[in-house]
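In: pasted the sequence and its predicted model underneath.
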Amino acid sequence: MFVENNLQWMPHRQSNGDTGTQHIAFVLTESCDLLGIGAIAEALECACSLASGESSRQYEMHFLSEGGGRVRCDRSLFVSTDELPRTDGTRYSRVFVAGGIQSRAACETPSLGVWLQRMRADGTPVRFLAAGFEASNANAATAAVSGYEQARRRRAQLSSAVKAAFEVIRADFGESIAREALRRTAFVDSSEWLSPSVDTPTTVGDRIRAAARWLQENCHRAVSVAEAAEACAMSQRTLLRNFQTHIGASPSEYLQRVRLERACQLLAQTSLPADKVARRVGLTNGDRLGKLFRRCVGKSPTEYRAWMSGKPREDSANSVPSCDALPPLALAMCGE
């Protein structure tokens with residue numbers, strides 16, 4: 001996938017002569033996780049090699065960044081990237097956004113944010129790979145961390161990438177080729193990642209709970225029922241039919257509850273302004289956050305923060321309301 005040249009890593013591209021070629025976009029930002037992106041790209045190439053006698057489908061990988069040119073990834077490695085396309089000439093089958101301490105902030109910039117929204121509007125699945133830690137922690141991005149913590153974050157990043165690669169290959173070539181491709185990926189330990197991390201849930205209830213976990217992990221951005229269904233290997237109709245039964249709410253209601261709880265935590269534990277809190281939980285702006293709070297909590301975000309700051313310190317850690325503790329009427333009003 002990569003050709004090393006004086007510590008400047010250049011993405012290798014496949015030819016686009018085959019009409020069965022799918023274009024895969026990798027969006028890179030400064031200090032992003034290169035290991036996870038490398039795992040996905042190598043696994044996709046392995047899958048094409050394994051399925052060469054069964055399918056003409058191929059992947060052409062595009063490495064993009066907001067301004068193009070060299071991007072400095074983690075461990076001081078550089079990747080040559082193209083600028084985000086300004087036209088609709090290339091149709092991408094999937095877009096992956098590399099994880100990293102600056103990735104979430106980068107995706108809030110106007111040009112990259114608008115481009116990602118356009119991809120989703122065109123029906124292209126956009127997958128944000130794990131950053132390895134909670135970006136809502138205000139000090140996490142700058143504080144010195146131990147070697148153990150760094151290793152934990154990298155494991156989380158690689159796990160997210162392996163699952164993403166498995167989902168793509170399984171959808172295109174089947175589960176057996178997906179597993180074999182990951183086994184052949186150089187820096188993926190199949191004994192660790194293939195069991196049970198990417199095992200397919202066996203029951204409807206397991207898949208619905210997997211969809212709920214996916215909504216929790218992705219509540220910071222715009223998501224769709226189609227993406228949640230893809231994450232748990234279900235059709236949209238099946239997901240909608242069973243989500244209420246197993247979770248007690250529709251996917252949209254559940255997502256709003258998760259966002260409300262995260263917003264409560266950020267307002268109580270940080271000094272972020274309401275607009276930034278809203279963006280951190282996927283609500284776009286402070287007006288939408290205020291509307292949700294007045295409906296479900298009976299206070300504005302500012303009033304809620306003031307109320308929380310006035311509570312005794314020993315109580316504040318346990319006083320952030322979970323969604324399950326909110327009144328049933330308020331919960332019913334959380335869905336839009």
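Out: Yep, it's here. Keep in mind that this is a model prediction, so the values were computed, not measured. Numbering: from 1, shown residues only.

In: and Cys32, how many neighbours does it have?
Out: When neighbours are defined as other Cβ atoms under 10 Å, Cys32 has 27 of them. For glycine as for every other residue, the C-beta is placed from the backbone atoms N, C-alpha and C.

In: and it, its phi and psi?
Out: phi -80, psi 170 (degrees, to the nearest 10).

In: ok, Arg294 next?
Out: Torsion angles, degrees, to the nearest 10, at Arg294: phi -60, psi -30.

In: ok, the residue lying closest to it once chain neighbours are set aside - contacts?
Out: Among residues not flanking Arg294 along the chain, Ser300 sits closest, at 6.3 Å (Cβ to Cβ, 6 or more residues apart in numbering). Residues counted as contacts of Ser300 (Cβ atoms under 8 Å, 6 or more residues apart in numbering) are Gly290, Phe293, Arg294.

In: distance of the last one relative to Thr302?
Out: When Cβ to Cβ, to the nearest Å is the yardstick, Arg294 and Thr302 sit 11 Å from each other.

In: one more: Pro85?
Out: As judged by Cβ to Cβ, Pro85 and Thr302 stand 41 Å apart.

In: do Phe78 as well
Out: 44 Å.

In: so between those two, which is more surrounded?
Out: Ranked by neighbour count (other Cβ under 10 Å), Phe78 and Thr302 place Phe78 first, with 17 against 14.

In: if you count neighbours, what's buried in stretch 278-287?
Out: Neighbour-count burial for stretch 278-287, with 16 or more other Cβ atoms under 10 Å as criterion, is recorded at Ala278, Arg279, Arg280, Val281, Gly282, Leu283, Gly286.

In: what's the most distant pair in these?
Out: Taking Cβ to Cβ as the measure, the buried residues of stretch 278-287 span a maximum distance of 13.3 Å, between Gly282 and Gly286.

In: show me what whatever helix or strand Phe243 lives in is packed up against.
Out: Counting by DSSP states H and E, the element that carries Phe243 is helix 236-247. Identification of packing neighbours for helix 236-247 by 3 or more Cβ pairs under 8 Å, 6 or more residues apart in numbering; DSSP states H and E yields helix 204-217, helix 225-231, helix 251-269.

In: find the nearest non-adjacent residue to Leu266, please.
Out: Leu266 sits nearest to Val277 (Cβ to Cβ, 6+ apart), 4.7 Å away.

In: for Val277, pull up the helix or strand it's in.
Out: Applying DSSP H and E, one finds Val277 within helix 274-280.

In: which neighbouring elements make contact with that helix?
Out: Counting contacts by 3+ Cβ pairs under 8 Å, 6+ apart, helix 274-280 is packed against helix 251-269, helix 286-296, helix 301-309.

In: what are the contacting residues of it?
Out: 108, 135-136, 220, 262-263, 266-267, 270, 272, 284-286, 288-290, 301-302.

In: list only those of the residues you listed flagged as buried.
Out: For those, buried by 16+ other Cβ under 10 Å: 135-136, 220, 262-263, 266-267, 270, 272, 286, 289-290, 301.

In: quick check: bridge partners of the most centrally placed residue in the chain?
Out: In the chain, the centroid-proximal residue (Cα atoms, centre = their mean) is Phe128; its distance is 2.8 Å. Beta bridges link Phe128 to Val97 when assigned by DSSP bridges.

In: wait, doesn't Gln117 sit right on Arg221?
Out: No. In this structure, Gln117 is not within contact of Arg221 by Cβ atoms under 8 Å, at 9.9 Å.

In: and those two? Which one has more around it.
Out: With neighbours defined as other Cβ under 10 Å, Gln117 and Arg221 compare such that Arg221 has more, 20 against 13.

In: dump the residue contacts of the more buried one.
Out: Cys107, Phe128, Gly282.

In: closest one of the residues you listed to Phe26?
Out: Closest to Phe26, out of all of the contacts of Arg221 and judged by Cβ to Cβ, is Phe128, at 12.0 Å.

In: these two touch, right, that closest one and Val95?
Out: No. Phe128 is beyond contact range of Val95, at 9.5 Å (criterion: Cβ under 8 Å).

In: which residue packs closest to Pro301, ignoring adjacent ones?
Out: Pro301 sits nearest to Ala274 (Cβ to Cβ, 6+ apart), 4.7 Å away.

In: please apply the same query to Cys48.
Out: Gln58 (5.3 Å).
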